[in-house]
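K.L.:
fold the following.
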Amino acid sequence: RLVNILKSEQFTLQVLMFPRLSRSRRKLKTTDMYLLHTCHPDVIHGSPESEDDAVKRTTRNSMSWADRESILLLLVLYTLQGIPLGLSGSIPIIMKENGATYDQLSVFSLVSLPFSLKLLWAPLVDTLYIPSVGRRKTWLIPVQLLCGIVMLFGSYRIGSWISDTRTHEDTSGPDSSSLTVFFLFLYILMATQDIAVDGWALTMLSRENIGYASTCNAVGQVLGYFLANQGFIILSDRGWCQRHLGMNSSLVDLSSFVHFWGVIFIVVTVVVWIGKKEVALESARDHPESIHDTYSHIISIFRLKTVQVLVLVLLSARIPFGPSDGVSMFKFQEYGMPKADIASVSPFLLVLSLVLPAFISPYTNQQAMMIYMLGLVLKFVTSLLIWCIFQLAVIEYDTTSENTSTSFYMLFIIVLSLNEIASNMAFGAQMAFFAKVSDPSIGGTYMTLLNTVSNLGSKWPNVISLWLVPKLTYYECTGPMHYFCWNCGDSSSSCLNEGGSFHVYLDGYTVLQFVCGVLGLFWLIFFHRRISALDLTSSQEWLTTSTVRDAHKIV
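P.N.:
A predicted model of the protein is given here:
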């Protein structure tokens, strides 16, 4: 059954929904995208397909060398895009290992915001270009060259930023400010590259093979992210390399890894610049809308009451999951779980993320928001289970324990897998709902706007949770001096100097999980009917004023 699903064209459409990053596709309307990814060209044009036509279509769909080269290029470009994103996911774990505070981690987590805000400058990338260079290469070439150069120069400093070799007495832990600026700039470049590559993919491939663009997107991004995140964490961990590879040192280090990919960025960009020509725009329909029109569409979408309700749901739905999504892995690491053990779970989650959309998609066509609600409920439960696993980890990774039990690690994998299933249920359902309600006349802008709001809703609870954890932690000093205090981890020296013992009495993660759990229950009670009502809304309630006015003119 799984093989048949993977071969199906519906799976190709669902792979488009996998990356949790908004996609700016203004050239195709929502209805066009659906047809291109689910129908053959003959179905698109509305002509019945005879047996002879099927034979011709099979011959026509035999992929040309130009399309094969384009697919390979798209895979490379999307893989490159995943490298800085994956590195930004592994850096916080390394920062925590080197003594970073939760305040520093919360600030660093803001580096991913450009992907959530790229709608603000996506119209500029779509409309401003040099015709002699090409609409997409005008942005792609300089952005990727700059990214490669920045990574090359940054590779000579990033090691000192992580270990903080500065001599100032008032500094401790990594140089989080330099790391944040460095990766924030890379994220801005990659968000711009993403806009350019997404748009180029639609014209780079022939019409009958355009469905492969979404597959390249998903596979390339996941591969790049995996290489720079889980792959790098495992290969840079000395303990893992010693256990599994018999080496006394790590296989790679951060500086050499960043330097290597900086070189790859520059080489690939030069090859694309010289060797890949961009197809010129042929008709007026191919030309982008004006910047004014695009921003006008965004404003008109926000004025719809149904959109306002949906935006409120998307911005608040992730509040109960802030501690589990944003803090839990750092807490596992803080209490002794090696970062390589945490990263080793990722292959299981990766497989689930690729396969689950195919199983979920049949149930999201009619009642997408009901599936979305079920996914949130399941994720609420798994967030509590992750907290329970954390309590076991405190005991399992105690300094007196020599080895980690297999049963604990299997339980850890099962709970994280359930959490991944819940996340994919909610994500797949919301993407299906976005495609269903988006105004076809401005489908690209509509979808990108909803994705942007969804990304923001998934980011801010994690940032706030990281910032709040130390402030909600309750400490105890025992000995000659005995006292309790909130957020006083920095004052431990005074207790220790008096011969006392200073330790965490109540972890801020536990406090925050309890508060967010209560808020989550109230959220479910307040929003469950409103979410169910969204499934019952008519398509007319999601149309902008300009679309309705144009429809009346046609009538």
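K.L.:
pretty sure Ser116 contacts Leu449?
P.N.:
No: the pair Ser116 / Leu449 is not scored as a contact, 11.4 Å apart, by CB atoms under 8 Å. No exception for glycine: its C-beta is placed from N, CA and C like everyone else's.
K.L.:
quick one: low-confidence parts of the stretch 151-300 of the chain?
P.N.:
Counting by pLDDT under 70, the stretch 151-300 of the chain shows low-confidence ranges at 164-172, 211, 214, 244, 280-290.
K.L.:
make it 80
P.N.:
163-173, 199, 202-203, 205-219, 222, 237-250, 278-295, 297 (pLDDT under 80).
K.L.:
in it, which spans are helices?
P.N.:
158-163, 176-204, 212-226, 232-235, 238-244, 254-275, 291-302 (DSSP state H, counting those that start in this stretch).
K.L.:
report the buried residues of the second one.
P.N.:
By neighbour count, with 16 or more other CB atoms under 10 Å as the criterion, the buried positions of helix 176-204 are 176, 178-180, 182-204.
K.L.:
can you classify the residue of the chain most remote from its centre as helix, strand or coil?
P.N.:
Farthest-out residue of the chain from its mean C-alpha position, per CA atoms, centre = their mean: Pro480, at 49.8 Å. Using DSSP: H, G, I helix; E, B strand; the rest coil, the three-state assignment for Pro480 comes out as coil.
K.L.:
which non-adjacent residue is nearest it?
P.N.:
With sequence-adjacent residues excluded and distances taken as CB to CB, 6 or more residues apart in numbering, Pro480 is closest to Glu498, at 5.0 Å.
K.L.:
possible to save the helices of the stretch 151-300 of the chain as a markdown table with distance to Asp507?
P.N.:
Listed next are these as a markdown table, based on distance: least, CB to CB, whole Å:
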| stretch | distance to Asp507 |
| --- | --- |
| helix 158-163 | 26 |
| helix 176-204 | 22 |
| helix 212-226 | 30 |
| helix 232-235 | 24 |
| helix 238-244 | 25 |
| helix 254-275 | 29 |
| helix 291-302 | 40 |
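K.L.:
the residue nearest to Pro480: what's it in contact with?
P.N.:
Residues in contact with Glu498 (CB atoms under 8 Å, 6 or more residues apart in numbering) are Gly479, Pro480, Met481.
K.L.:
let me know the closest of these to Val125.
P.N.:
Set against Val125, the nearest of the contacts of Glu498 by CB to CB is Met481 (60.2 Å).
K.L.:
wait, isn't the closest one in contact with Gly500?
P.N.:
Yes: contact criterion CB under 8 Å: Met481 and Gly500 qualify, at 5.3 Å.
K.L.:
which of those two has more residues huddled nearby?
P.N.:
Between Met481 and Gly500, Gly500 has the larger neighbour count (other CB atoms under 10 Å), namely 18 against 13.
K.L.:
wait, doesn't the more buried one sit right on Tyr475?
P.N.:
No: Gly500 is beyond contact range of Tyr475, at 11.4 Å (criterion: CB under 8 Å).
K.L.:
nearest to Gly326, out of the helices of the stretch 151-300 of the chain?
P.N.:
It's helix 176-204; of the helices of the stretch 151-300 of the chain, that one is closest to Gly326 (CB to CB) at 16.1 Å.
K.L.:
just the strands in the stretch 251-400 of the chain please.
P.N.:
Counting by DSSP state E, counting those that start in this stretch, the stretch 251-400 of the chain has no strands at all.
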